[in-house]
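Undergrad: Sequence and predicted structure, then a few things I'm wondering about:
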Amino acid sequence: MQASGIGKLARRSLHYLDRFDTISHNMANVETSGFKARHIYPAQEADAANIRQSGGSAEMIYAVDYTQGSLEKTGNVFDCAIDGEGYFAVQTQGGIAYTRDGSFAVSADNTLVTGRGDPVLGRGGIISIDGNDVRVSSDGRVIVDGSETDRLNIVAFENEKALNAQGTYFTADPEGRVGARDAENYEIKQGFLERANVNAIQEMVEMITIQRSLESYQKVIQTISEQDKMATNRIGRLT
């Protein structure tokens, strides 16, 4: 009976450890542009709240918070933020990925790239910046020295929960039916970046709560284990 109780407590402790790791990951990315917070919920709670699931098990649900973070002015002409729906499309070695992190730069070969060095995609393909005066209009048109070079390819998804999160990048599972389409309800803000949507205070409060819960579980498990040892020793003496 006690062994069964220890097993249940151990499983709950593992759930709390998973939540603690997730919070730690969020806190580590609180200053990462375009980062979307990750959360873990009990399955029943997630179903009741209609939380978008991105993975998990029968007991716990892993979900990404896709809400927009606040926009911060940087003054860098290559920084771009999406105010509204959609993601920037970028070309990676593994295929096309999507991101809300618009901290762009120009590479040595005049290609507009992300902080990871991946080319940013426009409607016509990889965007080339060959000039000095760079303007990005609210609808994503890239204007270099007065001439329109391309237009940022901003993609929206009907089913964001089917996206695979990899840091600030998201990839579309071909079988996930993400419903990709051209974004419509957005405005590009040149010289701005979208901050991570992590609520640092809330995360810290939850981290403290989890730490206390883990300590309580450990004490209970230790008590049950000691009681089992005492019972075993008594049986040994009786026999």
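TA: Received it, and whenever you're ready, just let me know what you need. A quick note: this is a predicted structure, and the numbers were derived from the prediction, not measured. Residues are numbered from 1 along each chain as shown.
Undergrad: May I ask which helix or strand of this protein has the lowest mean pLDDT?
TA: strand 55-56 (a mean of 46; mean pLDDT, DSSP states H and E).
Undergrad: State the next helix or strand along the chain beyond it.
TA: strand 60-64 (DSSP states H and E).
Undergrad: Tell me the gap between stretch 191-207 and the middle of its chain.
TA: 11 Å (C-alpha atoms, centre = their mean, to the nearest Å).
Undergrad: quick one: contacts of that stretch?
TA: Residues outside stretch 191-207 that contact it (C-beta atoms under 8 Å, 6 or more residues apart in numbering) are 19-20, 23-24, 26-27, 29-37, 65, 67-77, 79-82, 100-103. (Each C-beta comes from the backbone N, C-alpha and C, glycine too.)
Undergrad: Leaving out sequence neighbours, find the closest residue to the spatially most central residue of the chain.
TA: Among the residues of the chain, the one closest to the centroid is residue 36, at 3.5 Å (C-alpha atoms, centre = their mean). Among residues not flanking residue 36 along the chain, residue 64 sits closest, at 5.2 Å (C-beta to C-beta, 6 or more residues apart in numbering).
Undergrad: sorry, back to before: can you name the residues that contact the residue nearest to the centre of the chain?
TA: 64, 65, 66, 100, 165, 168, 196, 197.
Undergrad: For the first one, list each beta-bridge partner.
TA: Residues in a beta bridge with residue 64, per DSSP bridges, are residue 38.
Undergrad: pretty sure it contacts residue 165?
TA: Yes - counting by C-beta atoms under 8 Å, residue 64 does reach residue 165; the two are 5.3 Å apart.
Undergrad: more neighbours, those two?
TA: Using other C-beta atoms under 10 Å as the criterion, residue 64 and residue 165 rank with residue 64 on top: 21 against 17.
Undergrad: Show the contacting residues for residue 155.
TA: 86, 87, 89, 98, 180, 181, 182, 183.
Undergrad: Low-confidence regions, the chain specifically.
TA: Counting by pLDDT under 70, the ranges of the chain that qualify are 1-14, 42-60, 174-176, 213-239.
Undergrad: where along it do the helices fall?
TA: Per DSSP state H, the chain carries helices over the ranges 2-28, 43-49, 200-238.
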